[in-house]
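> Predicted model and sequence follow; I will ask about them next.
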Amino acid sequence: MSASPSANVAATLKSLPADMELVLKVIPMPADCNANGDIFGGWVMAQCDLAGSVIPARHAKGRMATVAVNEFIFKQPVRLGDILSFYSKLVKIGRTSITVTVEVFAERFHSQGEYIKVTEATFTYVAIDDNGRPRPVAQS
């Protein structure tokens, strides 16, 4: 059974999420590409981890570490020349941990002003003390 042609086309958005915070904007460079000209998935994952840490850093008020990548979905390839916008929002604050979601939108080089969601992920970070042990975070 074949999918309809429209099922393979990514939904183009005219606006970005209003309920999330822009935490990072970056343009991948040629060194970040694989042999097919798409950006390495690992590079995207690293950028998502950086973006995901912005909101927890405000709550942790000190050292923290990534303890889980709860979910990571590559929805569309990231290409050379894309302008990537990373949006994040707080999901949960635990006793020592903070969970956030990150959504990544690409503004393609040849269609600026239109956005495609390329990746979404959920990360959990834990606040740690100087010895690397979990420590409580303020509940707000």
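Yep, it's here.
> can you pull the contacts of residue 124?
66-68, 70, 97-99 (Cβ atoms under 8 Å, 6 or more residues apart in numbering). C-betas here are computed from N, CA, C, even on glycine.
> All the strands of the protein, in order from the start?
21-26, 64-74, 83-93, 97-107, 116-127 (DSSP state E).
> re earlier: for the contacts of residue 124, could you give me TSV that also reports neighbour count, pLDDT and distance to residue 30?
Formatted as TSV, these follow (neighbours: other Cβ atoms under 10 Å; pLDDT from 0 to 100; distance: Cβ to Cβ, whole Å):
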residue	neighbour count	pLDDT	distance to residue 30
66	14	97	27
67	16	97	33
68	12	98	32
70	13	97	32
97	18	97	37
98	25	97	35
99	18	98	34
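> before we move on, back to that, and residue 134, which of the strands of the chain is closest to it?
strand 116-127 (5.2 Å; Cβ to Cβ).
> Show the average pLDDT along the closest one.
For strand 116-127, the mean pLDDT works out to 97.
> Alright, I will stop here.
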